[in-house]
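In: Just the structure for this:
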Amino acid sequence: MDRKNILVLCTGNSCRSQIAEAYLRYFAANKASIYSAGIETHGVNPKAIATMREDGIDITGHTSNHVNEYAGIDFDFILTVCDNAKENCPYFPSKAKRLHFNFPDPAKVVGTDAVIEQAFRDVREQIKQYCADFVSENLNGH
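Out: Numbering: from 1, shown residues only. You can find the predicted model right below:
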């Protein structure tokens, strides 16, 4: 089976795309090389690190990367996880299949620590299910 190259794009590559990268790596195992990038780089959100740790996945080694760093990679799939990235992503010449899902940004939630932590957990669970479904539909059996 050919190993697939998958790029997850978000605005700042700090939260949603980092969570998606981690779950895609988890579910795809050795079937794909997973990359994540932003149209800007904001560093990895500490709350994203904390919420992934709760689910047993360590993303402390992740880096926030700019989409231009991956211009030389031939991607099979490009997943945008926020409307801003879909609308503002620089032209990426590619035969990649493009998929889009606008996940809410937990970093924009205002409230108590408990409210913000729950927002991160909710988005984490949405992204986890999306990634499991993506791998099941696009990578298993290919």
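In: Quick check: residue 96 touching residue 80?
Out: No - at 11.2 Å, residue 96 and residue 80 do not qualify as touching, with contact defined as C-beta atoms under 8 Å. All C-beta spots, glycine's among them, are computed from the backbone N, C-alpha and C.
In: These two: which is more packed in?
Out: Remark: of residue 96 and residue 80, residue 80 carries more neighbours, 25 against 18, as counted by other C-beta atoms under 10 Å.
In: what sits against the more buried one?
Out: 9-10, 86, 89, 98-101 (C-beta atoms under 8 Å, 6 or more residues apart in numbering).
In: pLDDT of the biggest helix by length in the chain, averaged?
Out: What stands out as the longest helix in the chain, according to DSSP state H, is helix 113-138. Helix 113-138 comes out with an average pLDDT of 97.
In: if I pick the residue lying closest to residue 99 once chain neighbours are set aside, what's in contact with it?
Out: With sequence-adjacent residues excluded and distances taken as C-beta to C-beta, 6 or more residues apart in numbering, residue 99 is closest to residue 79, at 5.0 Å. Listed by C-beta under 8 Å, 6+ apart, the contact partners of residue 79 are 6-9, 20, 98-101, 134.
In: mind checking which helix or strand of this protein has the lowest mean pLDDT?
Out: Using mean pLDDT, DSSP states H and E, the weakest-scoring helix or strand in the chain turns out to be helix 83-88, at a mean of 75.
In: Buried ones in that one, by neighbour count?
Out: Of the residues in helix 83-88, 84-86 count as buried by neighbour count, 16 or more other C-beta atoms under 10 Å.
In: can you map out the helices along the protein?
Out: Under DSSP H, the chain gives helices at 16-28, 46-54, 83-88, 113-138.
In: which of those is buried the deepest?
Out: Scoring the helices of the chain by mean neighbour count under mean count of other C-beta atoms under 10 Å gives helix 16-28 as the most buried, with a mean of 25.
In: Low-confidence ranges, this protein, go.
Out: Applying pLDDT under 70 to the chain flags the ranges 1, 89-93, 141-142.
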